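A.B. asks: Please find the sequence and the predicted model below.
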Amino acid sequence: MAWRIASITTIVILLLLFTSGTALAQPPAPIIYSGQVTIGGQPPADGTEVYARIGTHQSDPVTIINGRYSVLVVGVPDRSFIGQEIQFFIDGVRALETDIFVEAFFLEKELDLNFPELPLTGDSTFPLIWWVLAGVGGLSLLSGVFLLRRYRRSA
């Protein structure tokens, strides 16, 4: 009878050791975010993408439709990210709101994100170059006309 109790106790201890080690090795459950989005107080265009960063880890982006994002999954590879700040981005511009990564079995959060005005996309110097080139071309044309008139008068 004593050997049965010893065997059962050994099996229980081994199971606890193996399962607790496996649980510690698994990454924590992700946090799933949804909410409204504004950029400069206005809803962004449909198709704009929002993503999250926590430390060096970045989430997959989700598409904003009708000023709303949903199912933004913020998962991390290991437990070292617990307690770190989560930041939210559109085109590299950070939202005013942040959150903290916490460990939970399953967590869905409603978080409205407000972004400042985004910088203009594209190269804003391109039109300036055309104005400079037009100015140089205009000056060249005027100089050529002036020199041609002067040459004809002297001849």
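C.D. replies: It's in.

A.B. asks: Around Ser117, how many other residues sit close by?
C.D. replies: For the record, residue 117 is Glu, not Ser. 10 (other CB atoms under 10 Å). Bear in mind the C-beta positions are built from the backbone N, C-alpha and C, glycine included.

A.B. asks: Now do it, the pLDDT please.
C.D. replies: Note on Glu117: pLDDT of 87.

A.B. asks: And the helices in the protein?
C.D. replies: 2-25, 125-154 (DSSP state H).

A.B. asks: which ones are touching the closest residue to Gln36 other than its chain neighbours?
C.D. replies: Distance criterion CB to CB, 6 or more residues apart in numbering; nearest residue to Gln36, sequence neighbours excluded, is Asp112 at 4.4 Å. Asp112 makes contact with 35-38, 97, according to CB atoms under 8 Å, 6 or more residues apart in numbering.

A.B. asks: Now stretch 95-113: buried residues?
C.D. replies: Residues of stretch 95-113 classed as buried: 95, 99, 101, 111, 113 (neighbour count, 16 or more other CB atoms under 10 Å).

A.B. asks: Would you work out how far apart the start and end of stretch 48-57 are?
C.D. replies: Using CA to CA, to the nearest Å, the end-to-end distance of stretch 48-57 comes to 21 Å.

A.B. asks: So for that stretch, what gets flagged as buried?
C.D. replies: So, applying 16+ other CB under 10 Å, buried residues of stretch 48-57: 48, 50-54, 57.
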